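Asks: what shape does this take:
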Amino acid sequence: MIYIIYFTRKMESTTIRLGQGYYWQDLEVGQRFTTFSRTITESDLVQFINVTGMLEAIFIDADFESGVITGRPVPAALTYTIIEGLILQSMIQGTGLASLEVHQVVKKPVRVNDSISATISIKSLRETSSGGKAVVVSEVDVMNQHGECVMTYTVTRLLAGRTEVVQVGAV
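Replies: The predicted structure follows:
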């Protein structure tokens, strides 16, 4: 038996929007996603500390020696925001309504010229009482280029629901 799925969009256009994120109905508990990798550059570090005011010696002095961290470390906040940017551009673009809560654990330092990526695991989905939206809890594991987990965080987001009608029929 062959099934055909018809989508009726509440849009003027019948074109599909490229880069559209997942609606909460497209997700399942246990589902996993992996982002692309991104190399953190010296320019990323400089721009981040300038815009945030994180003028801590360990970040602004290339010759700073802490005796603990070698290389040119970057703030954990920069690592987190780069991963959130990768997730936004691919998974929640146009569907993410709010970040409600984040619990973060930093496990290892990230340095300039490290490449980071993340695996996102859906932990729970709960449709809101007002309908059309859901609270989605995900666990995000951030890895460096060596496959080491450098950060893990649990994020609770509010995601939009699909506004299209889906009809499934047998042919």
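
Asks: residue contacts, the residue lying closest to S66 once chain neighbours are set aside?
Replies: In space, and not counting its chain neighbours, S66 is closest to I58: 5.9 Å by CB to CB, 6 or more residues apart in numbering. Where you see a C-beta, it was placed from the backbone N, CA and C, and this is true even at glycine. With contacts defined as CB atoms under 8 Å, 6 or more residues apart in numbering, the neighbours of I58 are F64, S66, I69, P73.

Asks: can I get the helix or strand where I58 lies in PDB, CA atoms only?
Replies: Remark: I58 resides in helix 57-60, with elements defined by DSSP states H and E. What follows is helix 57-60 as a C-alpha-only set of coordinates in PDB (Å, rounded to 0.1, in the frame of the first residue of the first chain):
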ATOM      1  CA  ALA A  57      43.200  38.500  31.800                       C
ATOM      2  CA  ILE A  58      42.900  34.900  30.800                       C
ATOM      3  CA  PHE A  59      41.000  35.900  27.700                       C
ATOM      4  CA  ILE A  60      42.700  39.200  26.700                       C
END
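
Asks: buried residues, that helix. List them.
Replies: By neighbour count, and taking 16 or more other CB atoms under 10 Å as the criterion, the buried residues in helix 57-60 are I58, F59.

Asks: and which of the contacts of I58 is nearest S90?
Replies: The shortest distance between S90 and any of these, using CB to CB, involves P73 and amounts to 26.7 Å.

Asks: gap between the closest one and I60?
Replies: Spatial separation of P73 from I60 under the definition CB to CB, to the nearest Å is 11 Å.

Asks: about what we covered before: filter the contacts of I58 to the buried ones?
Replies: In terms of neighbour count (16+ other CB under 10 Å), the buried residues within those are P73.

Asks: okay but L158 is in contact with V135, surely?
Replies: Yes - in this structure, L158 sits in contact with V135. The criterion is CB atoms under 8 Å, and the distance is 6.0 Å.

Asks: wait, V74 sits on T39?
Replies: No - no contact is recorded between V74 and T39 when judged using CB under 8 Å, the distance being 11.4 Å.

Asks: give me the common contacts of these two.
Replies: Taking CB under 8 Å, 6+ apart as the contact rule, V74 and T39 both touch D114.

Asks: residue ranges with poor pLDDT in this structure?
Replies: Within the chain, the stretches falling below the threshold (pLDDT under 70) are 1-13, 164-171.

Asks: rerun at 90
Replies: Counting by pLDDT under 90, the low-confidence segments of the chain come to 1-19, 57-58, 60-71, 130-131, 162-171.
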